[in-house]
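Engineer: 3D, please:
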Amino acid sequence: MTLLLFGWLFVVQGITPFVQGNADSGRGYQDWHLWFLAFPYLYIGHIALLVFNTIRLLPPPYPPRFVHYAALLLTLLSGWHVGAFMPTA
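Structural biologist: All right, here's what the predicted structure looks like:
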C-alpha cells in the first residue's frame, strides 16, 4: 500500500516532498498535505511491520518461507521510501 501511495503521489501526480515545490498549484499542495498527514502513521507502522516480519521469520514457517522473505524485502523497500521522502516545510 505504501509503495502504491508513493507511486501515485510522487510519480503520477508529480509532487515533491518539499512544500515550496508544491506551493504554485492548489492540487499539488493538497497532495503534499496528504503525504504530510500520512507520514507519521506510515513511519511508525513500518517500524512495527519490520519488527513483526523479523519475528515471524523465527518460528517454523507454515506458509512457504519465501513469502516471509518477500514481505521483509517489501517492508524494507517501502520503509526506505518513507524515510527518504520525509515531508519538509
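Engineer: where exactly do the helices run in the protein?
Structural biologist: Secondary structure of the chain (DSSP state H): helices at 2-6, 26-56, 65-84.
Engineer: which parts of the last one are buried?
Structural biologist: Neighbour-count burial for helix 65-84, with 16 or more other CB atoms under 10 Å as criterion, is recorded at H68, L72, T75, S78, G79, H81, V82. C-betas here are computed from N, CA, C, even on glycine.
Engineer: before we move on, what about the shortest one?
Structural biologist: Neighbour-count burial for helix 2-6 flags T2, L5, F6 (criterion: 16+ other CB under 10 Å).
Engineer: How much space separates the residue lying closest to L77 once chain neighbours are set aside from W80?
Structural biologist: Once flanking residues are discounted, L77 sits nearest to L3: 7.1 Å by CB to CB, 6 or more residues apart in numbering. To W80, L3 is 10 Å away according to CB to CB, to the nearest Å.
Engineer: measure the residue of the chain positioned farthest from its centre to Y69 for me?
Structural biologist: Residue farthest from the centre of the chain, counting by CA atoms, centre = their mean, is P60 at 28.4 Å. Note on P60: its distance to Y69, by CB to CB, is 15 Å.
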